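Student: Here is a sequence together with a model predicted from it:
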Amino acid sequence: MKNTVLLIAFLISLYMSPIHAQQREEVEEKFFVGSTLFVLANLTPANPEYYQLNVGYRITPKDVLSAELITWTYEGPLGRQYGPDFDNPDSNFPGFVRAYGGGLAYKRFLWKRRLYVQIHSTALKQDYMDENGTKIQSGFQLFNVGRVGYQFRFWEDRIFLEPSVAITSWPVNTNLPESFQVFEDQFPKYFLAEPGLHIGFNF
């Protein structure tokens with residue numbers, strides 16, 4: 001009798017395990033909010049005034065859509081690649097750019113729902129400021145990103161951290177002042193191997 005009870009309990013546990021796993025899959029958190037740890041650069045002397053907010057929804061366990069709000073400032077052409085031109089003050093604009101806008105991103109998990117690829121497209125209003133911080137004129141930029149990354153999860157999968165590397169491009173970049181355009185034309189309209197470090201909370 002005792003062996004029969006143990007056998008029945010064992011069979012029930014085998015039966016219930018996939019059901020529990022399926023239920024866990026079904027109730028998995030659908031939404032998340034996040035940002036990037038690069039906002040910590042605001043604490044440095046450079047202070048790019050970089051702020052970002054992401055809100056996302058999981059369509060399926062492997063497919064994710066998100067909306068992004070972003071604002072930041074930069075002092076020179078974004079196409080300056082790693083090397084002697086990168087952040088070279090001699091190629092800075094005679095002023096700076098203040099950009100702000102929003103966009104959409106689609107993410108697809110490829111391997112164990114950790115490795116992923118993602119594409120972003122963000123529309124940005126750009127204010128071109130002189131060296132005294134006075135706005136000269138405004139323009140528009142369409143900023144696109146292709147990203148490969150890996151998601152680490154913590155605290156019962158509630159918190160995630162995503163180191164990544166991206167290729168960025170801005171095929172549309174309008175109405176730069178002539179004094180800015182001179183420097184912009186010296187560099188390509190893309191940047192290779194931009195690092196990323198996003199963080200978020202699932203709910």
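Tutor: Cool, got the structure.
Student: alpha carbons only for contacts and neighbour counts from here, please
Tutor: Will do.
Student: what ranges do the strands span in the chain?
Tutor: 31-36, 51-58, 63-74, 95-111, 115-130, 135-150, 152-154, 159-173, 190-202 (DSSP state E).
Student: For this structure, name the helix or strand with the lowest mean pLDDT.
Tutor: Across the helices and strands of the chain, mean confidence by mean pLDDT, DSSP states H and E is lowest for helix 2-26: a mean of 40.
Student: how about the nearest residue to residue 113, chain neighbours excluded?
Tutor: Nearest residue to residue 113, sequence neighbours excluded (C-alpha to C-alpha, 6 or more residues apart in numbering): residue 62, at 6.5 Å.
Student: can you tell me which residues contact that neighbour?
Tutor: Contacts for residue 62 were tallied using C-alpha atoms under 8 Å, 6 or more residues apart in numbering; they are 107, 108, 109, 110, 113.
Student: Tell me where the model's unsure across the chain.
Tutor: 1-27 (pLDDT under 70).
Student: 80 instead?
Tutor: Low-confidence segments of the chain (pLDDT under 80): 1-28.
Student: Can you give me every residue that contacts the closest residue in space to residue 123 that isn't next to it in sequence?
Tutor: In this structure, residue 123 finds its nearest non-sequential neighbour in residue 142, 4.8 Å apart by C-alpha to C-alpha, 6+ apart. For residue 142, the contact set (C-alpha under 8 Å, 6+ apart) comprises 121, 122, 123, 124, 170, 171, 172, 173.
Student: make it 10 Å
Tutor: Contacts of residue 142 were listed using C-alpha atoms under 10 Å, 6 or more residues apart in numbering, and they are 101, 103, 121-125, 169-174.
Student: which residues does residue 128 bridge with?
Tutor: On the basis of DSSP bridges, residue 128 is bridged to residue 97, residue 137.
Student: can you check residue 168 too?
Tutor: Residue 168 has these beta-bridge partners by DSSP bridges: residue 145, residue 191.
Student: So it sits against residue 189, correct?
Tutor: Yes. Counting by C-alpha atoms under 10 Å, residue 189 is a contact partner of residue 168 at 8.5 Å.
Student: neighbour count winner among the two?
Tutor: Using other C-alpha atoms under 10 Å as the criterion, residue 168 and residue 189 rank with residue 168 on top: 22 against 18.
Student: list the contacts for the more buried one?
Tutor: Residues near residue 168 by C-alpha under 10 Å, 6+ apart: 78-79, 119-121, 143-147, 189-194.
Student: cool, residue 131 as well?
Tutor: With C-alpha under 10 Å, 6+ apart, residue 131 has these contacts: 75, 93, 94, 95, 96.
Student: Select, from the residues you listed, the two members most distant in space.
Tutor: Farthest-apart pair in the contacts of residue 131 is 75 and 94; separation 8.2 Å (C-alpha to C-alpha).
Student: joint contacts of these two?
Tutor: 129, 131, 180.
Student: how about the nearest residue to residue 69, chain neighbours excluded?
Tutor: residue 102 (4.4 Å).
Student: what residues are up against that neighbour?
Tutor: Residue 102 neighbours (C-alpha under 10 Å, 6+ apart): 52-54, 67-71, 121-125.
Student: Most widely separated two among the residues you listed?
Tutor: 54 and 125 (18.3 Å).
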